[in-house]
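Enquirer: Fold the following.
(chains A and B)
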Amino acid sequence: MAHEVFIPKTGIYMDDCHLIAWLVDEGTTVRAGDALFLMETNKVEMEIEASAGGIVHQGAPVGEDYPIGRVIGWIAEDDSEYRRLVEEGTSA
Amino acid sequence: MTIPDRTLLEMFETMMTIRLFEERVTLEYQRGDMPGFVHTYIGAEAVATGVCAHLSDRDLIASTHRGHGHSLAKGCSIAGMLAELYGRETGLCKGRGGSMHIADFEIGMLGANAIVGGSIGLATGGAFAHQVKGTPNVSVSFFGDGGAGQGILYESMNLASIWKLPVIYVCENNGWAESTPASYSQSVEDLSRRADGFGIPGHVVDGADVFAVYEVAAEAIDRARRGDGPSFIEAKIPRISAHYVGDTQKYRNEDDLADARKRDPLERFRSELAAAGLLTGTAVEGTRAAIVDELDRGVAAAKADPWPTADGVTDYVYSGAYGG
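Expert: Alright, predicted model coming up:
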C-alpha cells in the first residue's frame, strides 16, 4: 500500500504550513530518509524526509498553505501502484 | 558472564518494543493529534533494557525528558503510556503529565522529568529511602551528557559515596546536549572519570552493546545491593533520533548521523542472537507483529478515551487526593 506523504507537526507552536517546493520530481524513486519536500512554518524552512522508499506521486501544488496532517502526496511501493495512483488522478 | 537464553530473548523483545513504540509515536505525533513535545529513545534501547533487566518492581528508577524507553523497560504498560501521551484520563498520570512526566509508582518508576538532570536527586533520595528502611533494593538515575553538567550530580555523588547509598548513576552519553556537542561543552571525554573524585567506581560501556550494558549493570547493582555504595556507568550511545521529533538537526553533519545509524543497537542484537541460533527471522516477525498489534490497539483506545475535565484540574495536586 502506498505511504502517505503528509504535513508533519514539528513543534508545540505550529500553525498552517507553506509548501515551498518538492525536492524531487514527480515519479522519482526515493529511499527512506531522502529529502522530499521543503516547507515553511513559524518563519523556519525545513526539509522533510521520505518516511519510506518508493516512487513519489505529488498530490498537492506548491505555494499553498496546508494544515498539519494534510496528505500532500504518496510514495508508491512499486511501478504498478504508482501507475494506479497516476491513472486515478489521485490528488490531495 | 553467561546470560540465560530466556533473558536474552526478553531483552530483545523489550528493545524491539521500545523501537516500535517510538517509531509509532513519531508518526502519530507528526499527524498532529498528540499535544506537547516528544523526544524518542531510538538508538539508546540497549541501555534501559540492559539495566532494567536486573530490577524488580521494588527497585526504583528516575528518568529524563527522553523517558519512554526507561518506562517500557521498567514495565509501564503500552496502553497506559499511549493514553498519557494523548493526554487522556486513562493515562498513567491521568493525562496530566504527558510524554515528559510519565510515572508509575506501583512498579518503581519515579518519573520522566522535563528538568535536565532532574532524575539525579530523585533517585538518590530513593536510594536513601531504601537504606533507611533496610530493604535490599537499589535506585537508578538515568540522565544524559547534558544532565551531567548539572551541579546536583556532584552534590548527590558526594552524599551517596559518604553514605554508601544503593544508587547507580547511568549517564547516557550521546555526544549532544540538545544541539551543543559534548566536545565543546564537557571538560573530559569520559564523564565517568569524574566519579573517581568522589570515590565512586566509574565505568565506560558501549551503550549500543546490550551484553556489555547488562554485565556492567550487574556489577554495579550487585555492589549496591551488598551495601557497598554507588557506581557511575557512562554508556556511549549513538544519537540516531533527533533531539525532539521535528528537530531538523541542521547543526549536525551528515557523517555523524550516518555513523550513529551504523551503530544501531537493535540490529546489532538481532544479528548476534541470530548468529547464536537463538532467533529466527520468523520469530522476529512474530514478535514485531504482536507488538504492532498492541500499539494499534493502544493508539485506537487512547484516541477514543475521555479527556480530563476542567472540574478535575485540582485533582491529584496534593498527595492526600491521590488514591484517597
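Enquirer: Run through the residues that contact residue 31.
Expert: This is for chain A. With contact set as CB atoms under 8 Å, 6 or more residues apart in numbering or on different chains, residue A:31 has these partners: A:50, A:53. Where you see a C-beta, it was placed from the backbone N, CA and C, and this is true even at glycine.
Enquirer: nope, chain B please
Expert: A:6, A:8-9, A:68-69.
Enquirer: Greatest separation within those: which pair is it?
Expert: A:6 and A:9 (9.7 Å; CB to CB).
Enquirer: joint contacts of these two?
Expert: With CB under 8 Å, 6+ apart as the test, residue A:6 and residue A:9 both reach A:69, B:30-31.
Enquirer: Pick out whichever of the residues you listed sits closest to residue B:168.
Expert: The closest of the shared contacts of residue A:6 and residue A:9 to residue B:168 turns out to be residue B:30 (CB to CB; 34.9 Å).
Enquirer: isn't there a helix covering the closest one?
Expert: Yes: Residue B:30: assigned to a helix according to DSSP: H, G, I helix; E, B strand; the rest coil.
Enquirer: Please tell me how far the nearest residue to it once chain neighbours are set aside sits from residue A:54.
Expert: Leaving aside its sequence neighbours, residue B:30 sits nearest to residue A:8 (CB to CB, 6 or more residues apart in numbering or on different chains; 3.5 Å). Between residue A:8 and residue A:54 the computed distance is 18 Å (CB to CB, to the nearest Å).
Enquirer: try residue B:286
Expert: Computed with CB to CB, the distance linking residue B:286 and residue A:54 is 26 Å.
Enquirer: likewise residue B:119?
Expert: In this view, residue B:119 and residue A:54 are 41 Å apart by CB to CB.
Enquirer: How about chain A: which residue is closest to chain B?
Expert: When distances are taken as CB to the nearest CB, chain A reaches nearest to chain B at residue A:10, 3.1 Å away.
Enquirer: what's the spacing between the lowest-mean-pLDDT helix or strand in chain A and its chain's center?
Expert: Using mean pLDDT, DSSP states H and E, the weakest-scoring helix or strand in chain A turns out to be strand A:44-49, at a mean of 89. Computed by CA atoms, centre = their mean, to the nearest Å, the chain-centroid distance of strand A:44-49 equals 11 Å.
Enquirer: what about the helices in chain B?
Expert: Using DSSP state H, the helices found in chain B span residues B:5-31, B:45-52, B:68-74, B:78-85, B:118-133, B:151-163, B:182-185, B:210-225, B:254-262, B:265-275, B:281-304.
Enquirer: Pick the most buried one from those.
Expert: Scoring the helices of chain B by mean neighbour count under mean count of other CB atoms under 10 Å in any protein chain shown gives helix B:45-52 as the most buried, with a mean of 29.
Enquirer: and it, what does it pack onto?
Expert: The elements that helix B:45-52 packs onto, with contact taken as 3 or more CB pairs under 8 Å, 6 or more residues apart in numbering or on different chains; DSSP states H and E, are helix B:5-31, helix B:68-74, strand B:139-144, strand B:167-173, helix B:210-225, strand B:231-236, helix B:265-275.
Enquirer: Mind listing residues that contact it?
Expert: B:11, B:14-15, B:18-19, B:41, B:61, B:69-70, B:72-75, B:140, B:142, B:168, B:170, B:172, B:207-214, B:217, B:221, B:233, B:235, B:237, B:265-266, B:269.
Enquirer: Throw the helices and strands packed on helix B:45-52 into CSV and include distance to residue A:76 and mean pLDDT, thanks.
Expert: Below are these laid out as CSV (distance: least, CB to CB, whole Å; pLDDT from 0 to 100):
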stretch, distance to residue A:76, mean pLDDT
helix B:5-31, 19, 96
helix B:68-74, 32, 98
strand B:139-144, 40, 98
strand B:167-173, 39, 98
helix B:210-225, 37, 98
strand B:231-236, 40, 98
helix B:265-275, 26, 98
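Enquirer: Mind putting these into a markdown table with distance to residue B:311?
Expert: Below are these laid out as a markdown table (distance: least, CB to CB, whole Å):
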| stretch | distance to residue B:311 |
| --- | --- |
| helix B:5-31 | 28 |
| helix B:68-74 | 29 |
| strand B:139-144 | 36 |
| strand B:167-173 | 40 |
| helix B:210-225 | 45 |
| strand B:231-236 | 45 |
| helix B:265-275 | 44 |
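Enquirer: Out of those, flag the one nearest residue B:310.
Expert: Evaluated over the helices and strands packed on helix B:45-52, closeness to residue B:310 peaks at helix B:5-31, with 24.8 Å, by CB to CB.
Enquirer: and the closest one with helix B:210-225, angle?
Expert: Counting by axes from the mean of the first three to the mean of the last three CA atoms, to 10 degrees, helix B:5-31 points 110 degrees away from the direction of helix B:210-225.
Enquirer: Could you check the angle helix B:5-31 makes with helix B:78-85?
Expert: Inter-element angle recorded for helix B:5-31 and helix B:78-85: 30 degrees (by the same axes, to 10 degrees).
Enquirer: Confirm that residue A:82 sits in a strand.
Expert: No: the assignment for residue A:82 (three-state DSSP) gives helix, which keeps it out of a strand.
Enquirer: Give me the nearest residue to it, chain neighbours excluded.
Expert: Closest residue to residue A:82 in three dimensions, ignoring its sequence neighbours and counting by CB to CB, 6+ apart: residue A:76, at 3.7 Å.
Enquirer: got the contact list for the one you found?
Expert: Counted by CB under 8 Å, 6+ apart, residue A:76 has contacts A:2, A:54-57, A:82, A:84-85.
Enquirer: what's the neighbour count on the closest residue in space to residue A:47 that isn't next to it in sequence?
Expert: Leaving aside its sequence neighbours, residue A:47 sits nearest to residue A:35 (CB to CB, 6+ apart; 4.5 Å). Here the number of neighbours of residue A:35 (other CB atoms under 10 Å in any protein chain shown) works out to 13.
Enquirer: what's residue A:35 sitting at in phi/psi?
Expert: Main-chain torsions, residue A:35, degrees, to the nearest 10: phi -70, psi 130.
Enquirer: rewinding a little: quick check: next helix or strand after the least confident helix or strand of chain A?
Expert: Moving toward the C-terminus from strand A:44-49, the next helix or strand (DSSP states H and E) is strand A:54-58.
Enquirer: Next one: residue B:267 from chain A, what distance?
Expert: In this view, residue B:267 and chain A are 15 Å apart by CB to the nearest CB, to the nearest Å.
Enquirer: show me the contacts for the residue lying closest to residue A:41 once chain neighbours are set aside.
Expert: What sits nearest to residue A:41 in space, not counting adjacent residues and going by CB to CB, 6+ apart, is residue A:17, at 4.4 Å. Residue A:17 makes contact with A:7, A:39-41, A:65-68 under the criterion CB under 8 Å, 6+ apart.
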